[in-house]
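Visitor: Generate a structure from the sequence data that follows.
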Amino acid sequence: MMRLHLHLLSDSTGETLENIAKAALAQFDDVETVRHFWPMVRTEAHLERILQEIAQNPGLVVFTLVNAATRRMLEERCVALGLPAVAPLDIVNDALSGLLGQQAKARPGRQHVLDAAYFARVDAIQFTIAHDDGIGAEDWEEADIVLAGVSRSSKTPTSIYLANRGFKTANIPIVVESPPPKSLHSLQNPLVVGLTTSADRLIAVRRNRLLSLNQMPDTAYVDEDAVTREIQFARRMFADNGWPVIDVTRRSIEETAAAIIALCNERKAAQN
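Guide: This is a model prediction of the structure:
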């Protein structure tokens, strides 16, 4: 297995860099990646300390630095060390500059400006946390999205991901012995989406959950027949209400969320 030192330098939080690196590394197998994460790099003194670490652990350098002096210093030192240094946003900024006829604003972290979209996202996150696992049914109508599904069908992590994209999201577990409140079936504003999965995957996830809690994994919670009946019960409910259904068996949280957002956009376009 190949070992790679990956140095990520940002003059802001580094969230963009981390996402780019994660997406790129997913395309390669058998690579042991040692990540060196350097956020808030805004002075040459700070950069100098980082460069010493890079020299000791040579590898790929990926950066988003907008200050000309620190950027030039980094690039020159990487050339001297014989290391590749990549600025992944450059090609996008150059293309936008050409199309828009203006230069990019060299402001660190400008994408994180506290604008209306930022506060809407914070509001969505607060709403979502307050409406997890069936809580707050009395104001589900204020949600943008309501996710329904059996226990451990990725409802909560998907809800949090959607909240970070600005969608107020509630989620409700579908339990055979305890049907959801009747209000779930008459919601008008939110898009209600059913999440389903295969019995094998669900049993494996639940078994791991029980083991992590030091509980015996031999209850009805992981019994194959019981789990199959539970999934079938939820699917009948989805069909009876005409809710769109997404099978999360082979989907990542990001893929599930993308499919839900696409459904939201289709619904919005149909309403306009």
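Visitor: how close does Ile145 sit to Val41?
Guide: Distance of Ile145 to Val41, computed by CB to CB, to the nearest Å: 37 Å. Glycine gets a C-beta too; all of them are placed from N, C-alpha and C.
Visitor: which residues in the chain form strands?
Guide: Using DSSP state E, the strands of the chain run over residues 2-10, 31-38, 60-64, 85-86, 145-149, 169-173, 191-196, 245-247.
Visitor: and the angle for the first one with strand 60-64?
Guide: Angle, strand 2-10 to strand 60-64, by axes from the mean of the first three to the mean of the last three CA atoms, to 10 degrees: 20 degrees.
Visitor: what residues does strand 2-10 touch?
Guide: Here strand 2-10 makes contact (CB atoms under 8 Å, 6 or more residues apart in numbering) with 14, 16-18, 21, 25, 30-41, 47, 50, 53-54, 57-65, 74.
Visitor: Filter those residues down to just the buried residues.
Guide: Among those, the ones that count as buried by 16 or more other CB atoms under 10 Å are 14, 16-18, 21, 38-39, 41, 47, 50, 54, 59-65, 74.
Visitor: Which residue, other than its chain neighbours, is closest to Val227?
Guide: Closest residue to Val227 apart from its sequence neighbours, by CB to CB, 6 or more residues apart in numbering: Ala199 at 5.0 Å.
Visitor: for Leu4, same thing?
Guide: Nearest non-adjacent residue to Leu4 (CB to CB, 6+ apart): Thr33, at 5.1 Å.
Visitor: distance of that neighbour from Glu44?
Guide: Per CB to CB, Thr33 is found 28 Å from Glu44.
Visitor: Leu65 now?
Guide: In terms of CB to CB, Leu65 sits 11 Å off from Glu44.
Visitor: likewise Asp200?
Guide: For Asp200, the distance to Glu44 equals 55 Å [CB to CB].
Visitor: and if you look at Ala226?
Guide: Counting by CB to CB, the separation of Ala226 from Glu44 is 63 Å.
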